[in-house]
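> kindly return the folded structure for what I paste below:
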Amino acid sequence: MIQIGALCAAVAICAAVVGLRREPEIERRLAVLLSGRPATRARPRWRPVVDRDLAQSGLPCTQTEIVAAKIIGLLAGGAAGGLAGNFVGVGGIAAIACAYGGFVLPSLVVDRRAAACRRAADRPMVTMFERLETLAAAGRPVETALSALARTVSGSALLDLTMRAAADAYSLGAPLFKSLGVRAQAQGLDQLAALAADLERSRDLGQGSLSVIRDARDAARARRRARSLEAAAKVEGKLMLTLVLCYLPALLLLVVVPLFLTLLDGLFG
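Residues are numbered from 1 along each chain as shown. From the prediction side, this is the model:
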């Protein structure tokens, strides 16, 4: 029974971790509806660490060092899990679970830091779209407006690097929209890549670019609003967890335990 209970607990923990790492369903559907594009197949959750994620994570390490860290985590996790599991008779299961956790931990760290860097680049993108819409509405060509915005500081190093690289390529004669789309897609900036693709398509079709920019601005606003609502929805659960972990033990020690001892003293005293 102890082995079955430990296995069920491990499965529950793994399911909770997978549930926390899933992309919010509201945000995904809202992005699909606002963009007008069909939903793409999600990337596999467990994948090797790519050079882009490693560069965006900001960790001073190479691919070889990541592989070495994964091997060390595998060995250390297996040894620690085996030693800890022997006390409850589930050494094999605990060793396998901890070894797997130690093996994927470096990849998770790199993936989380890279995702945080991309999210930080999405925040100032709404402001950039608003500035671009203002310049385009004032009659300035979109290419000139994008080149000017590429020289300003947005608050995200990743976004500034992508915009500046596209502007430098444009100054050398490359098409701006195509260069921006390629670089944004390579960096994982989906909103910027979608805007560049729509601007290039509207230019090829001879349509106005102002409506495309306004649609991208509205989509970015809706996406930020959805993220704010999602963060607000998680506050209640975090407050409940704080209440359970911080106040419930004190309540037990100060109220429940003395009351229980008083009842025992009255019964057997």
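
> contacts and neighbour counts: CA atoms only from here.
Noted.

> what residue is smack in the middle of this protein?
residue 115 (3.9 Å; CA atoms, centre = their mean).

> pLDDT at it, what is it?
pLDDT recorded at residue 115 is 87.

> which SSE is immediately downstream of the helix or strand where it lies?
Assigned by DSSP states H and E, residue 115 belongs to helix 91-122. Using DSSP H and E, the next helix or strand after helix 91-122 towards the C-terminus is helix 125-137.

> list the buried residues in that next one.
Of the residues in helix 125-137, 125-126, 128-137 count as buried by neighbour count, 16 or more other CA atoms under 10 Å.

> go on, stretch 157-177?
158-167, 170, 176-177.

> just the CA trace of the helix or strand containing residue 239, in CSV.
Per DSSP H and E, residue 239 falls inside helix 235-242. Extracted in CSV, the C-alpha atoms of helix 235-242 (Å, rounded to 0.1, in the frame of the first residue of the first chain):
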residue,chain,number,x,y,z
VAL,A,235,-4.7,35.8,-6.9
GLU,A,236,-7.5,33.9,-5.1
GLY,A,237,-5.6,30.6,-5.2
LYS,A,238,-2.4,32.2,-4.1
LEU,A,239,-4.1,33.9,-1.2
MET,A,240,-5.7,30.6,-0.2
LEU,A,241,-2.3,28.8,-0.4
THR,A,242,-0.8,31.6,1.8
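
> need the next SSE after it, C-terminal direction.
From helix 235-242, the next helix or strand downstream (DSSP H and E) is helix 248-251.

> can you tell me the SS state at residue 140?
State at residue 140, reduced to three classes by DSSP: H, G, I helix; E, B strand; the rest coil: coil.

> count residues in the vicinity of it, would you?
14 (other CA atoms under 10 Å).

> what about stretch 141-158, distance to the chain center?
For stretch 141-158, the separation from the chain centroid amounts to 24 Å (computed by CA atoms, centre = their mean, to the nearest Å).

> pLDDT below threshold where in the chain?
Applying pLDDT under 70 to the chain flags the ranges 1-47, 88-91, 269.

> hmm, try it at 90
Counting by pLDDT under 90, the chain shows low-confidence ranges at 1-71, 73-162, 165-178, 180-181, 184-196, 198-269.

> residue ranges for the helices of it, please.
For the chain, the helices defined by DSSP state H occupy 2-21, 25-35, 51-57, 63-85, 91-122, 125-137, 142-150, 157-171, 176-187, 190-205, 210-233, 235-242, 248-251, 257-268.
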